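Colleague: I'd like to go over a predicted model; first the sequence, then the structure.
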Amino acid sequence: MGFADFLGFAFIQRAYLAGSFIAVLCAMLGLFLVLRRFSLIGDGLSHVSFGGIALGLFLGLEPLWVALPISVAASSLILVLSRRARLYGDAAIAIVSSSGIALGVVLASLAGGFNVDLMSYLFGNILAVSPVETYLSVLLSAVVLAVIAFLYHDLFSVAFDEEYATVSGIRTGAVNILLATLTAVSVVLAVKVVGVMLVSALLVLPAVSALQVARGFRGALLLSSCIAVLSVLVGITVSFLADIPAGGTVVLVNLLVFFVLLAWKRIR
C-alpha cells in the first residue's frame, strides 16, 4: 500500500485534520501554562473530563458536549479554591481531579463496567474520530486560537509577570479565568487524541521542547506548534502501520523530540 492510498482513507484524513488543530491549540496554551507553572491543571482537568464523558455515555448523550461544560466549570472551581479556600494550586487541582475520577468510576459501575466507548476516551483513539467530532474539534480549536490571538498581549503579560500586569491595568483575574477555560476546552478535545491518561503530555511536552532552543516567545509558540503537529502526524501514521495505540505513540514521539532538542542544546 502506497502513501497515497494510505491518505485516501477517510478516517486517516479526519485523524490528521482533527489531530493537527488540537495539537496547535494544546501547544500554544501549554506554553502559557508552563510559564505560569500551572502545568498540572491539564492533568486535573483531564480527570474531570473523564467524569463528564462517563456521565454523557451513561445518559446516552454526546460525551464531548457533556464533558465540555463540566470541565469549564471545574477550571473555574480550581481558581476559586486556590484563592478563597487558601489552598495551593496543586492542592486545588488534586481535589477537583479526584472528584472527576470518582464520578467516572461510580458512573461506569452503575452502567455495568467500563465499556468500549469509555475505554477509547480513557486511552485515546484518534483513528476512530467521527465526522461530528472532527467538525467540533476544528470549530472549537479555531475559536480558541482566535481568542488567544486577540488577547495575546494580556496573556503574555500575565504569563511572565502577573504583578506587573496588574499594575499596568490588565484584569489578571479575568485573564486567569479565561486561560483556565481555554485549557478546559483544549483538554476535552485532546482526550480523543491521546486519552485522559496522557492529555497533560500533549500540553506540556511540545512547550518544554520548544523552550530548549527557542530564542523568543513568538519563536517558542511557532516551534511548539510545529513539534506538536509533527508528533501527531508521525504518531498517527506509525500507530496505524505498526498496529499500536495512537495516543501512546503520539506522546512517545513528543518525548523523543524533547530529548533530541535537549541533547542539541547541551551540545551547542
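Modeller: Sure thing, it's come through. Numbering: from 1, shown residues only.

Colleague: need the helices for the stretch 1-150 of the chain, in chain order.
Modeller: Using DSSP state H, counting those that start in this stretch, the helices of the stretch 1-150 of the chain run over 3-7, 10-35, 40-59, 63-84, 89-110, 116-123, 131-150.

Colleague: any idea which of the ones you listed gets closest to Asn254?
Modeller: When the helices of the stretch 1-150 of the chain are compared by C-beta to C-beta, helix 10-35 sits nearest Asn254, at 9.5 Å. Heads up, the C-betas are built off the backbone N, CA and C, glycines and all.

Colleague: quick revisit: now the helices of the stretch 1-150 of the chain as TSV including distance to Arg266, mean neighbour count and mean pLDDT?
Modeller: Output for these, formatted as TSV (distance: least, C-beta to C-beta, whole Å; neighbours: other C-beta atoms under 10 Å; pLDDT from 0 to 100):
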stretch	distance to Arg266	mean neighbour count	mean pLDDT
helix 3-7	35	9	67
helix 10-35	20	23	88
helix 40-59	27	25	84
helix 63-84	36	19	83
helix 89-110	29	18	79
helix 116-123	33	17	69
helix 131-150	31	16	85
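
Colleague: closest to Gly195 out of these?
Modeller: With distances scored as C-beta to C-beta, the stretch of those nearest to Gly195 is helix 116-123 (4.1 Å).

Colleague: helix or strand: which one has Ala174?
Modeller: With elements taken from DSSP states H and E, the one containing Ala174 is helix 172-194.

Colleague: isn't Leu122 right up against Lys192?
Modeller: No. Shown here, Leu122 and Lys192 do not form a contact pair, counting by C-beta atoms under 8 Å, at 11.1 Å.

Colleague: next up, phi/psi of Arg36, please.
Modeller: Backbone torsions of Arg36, given as degrees, to the nearest 10, read phi -80, psi 0.

Colleague: how about the contacts made by it?
Modeller: Applying C-beta atoms under 8 Å, 6 or more residues apart in numbering, we find Arg36 in contact with Val158, Ala159, Leu179.

Colleague: please tabulate those residues in CSV, including the columns distance to Leu7 and neighbour count.
Modeller: Formatted as CSV, the contacts of Arg36 follow (distance: C-beta to C-beta, whole Å; neighbours: other C-beta atoms under 10 Å):
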residue, distance to Leu7, neighbour count
Val158, 41, 26
Ala159, 38, 20
Leu179, 36, 24
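
Colleague: can I get those in a markdown table with pLDDT and distance to Leu81?
Modeller: A markdown table is the format used below for these (pLDDT from 0 to 100; distance: C-beta to C-beta, whole Å):
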| residue | pLDDT | distance to Leu81 |
| --- | --- | --- |
| Val158 | 83 | 20 |
| Ala159 | 81 | 21 |
| Leu179 | 86 | 16 |
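
Colleague: that older thread, how about the helices of the stretch 1-150 of the chain in TSV, adding distance to Phe217?
Modeller: Output for the helices of the stretch 1-150 of the chain, formatted as TSV (distance: least, C-beta to C-beta, whole Å):
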stretch	distance to Phe217
helix 3-7	35
helix 10-35	8
helix 40-59	20
helix 63-84	23
helix 89-110	22
helix 116-123	33
helix 131-150	13
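
Colleague: related to what we said a few turns ago, next one: the helix holding Ala174 to chain centre, how far?
Modeller: Distance of helix 172-194 from its chain centroid, counting by C-alpha atoms, centre = their mean, to the nearest Å, is 8 Å.

Colleague: now do it against helix 40-59, angle only.
Modeller: Orientation of helix 172-194 against helix 40-59 (axes from the mean of the first three to the mean of the last three C-alpha atoms, to 10 degrees) gives an angle of 60 degrees.

Colleague: next SSE downstream of helix 172-194?
Modeller: Later in the chain than helix 172-194, the nearest helix or strand by DSSP H and E is helix 199-213.
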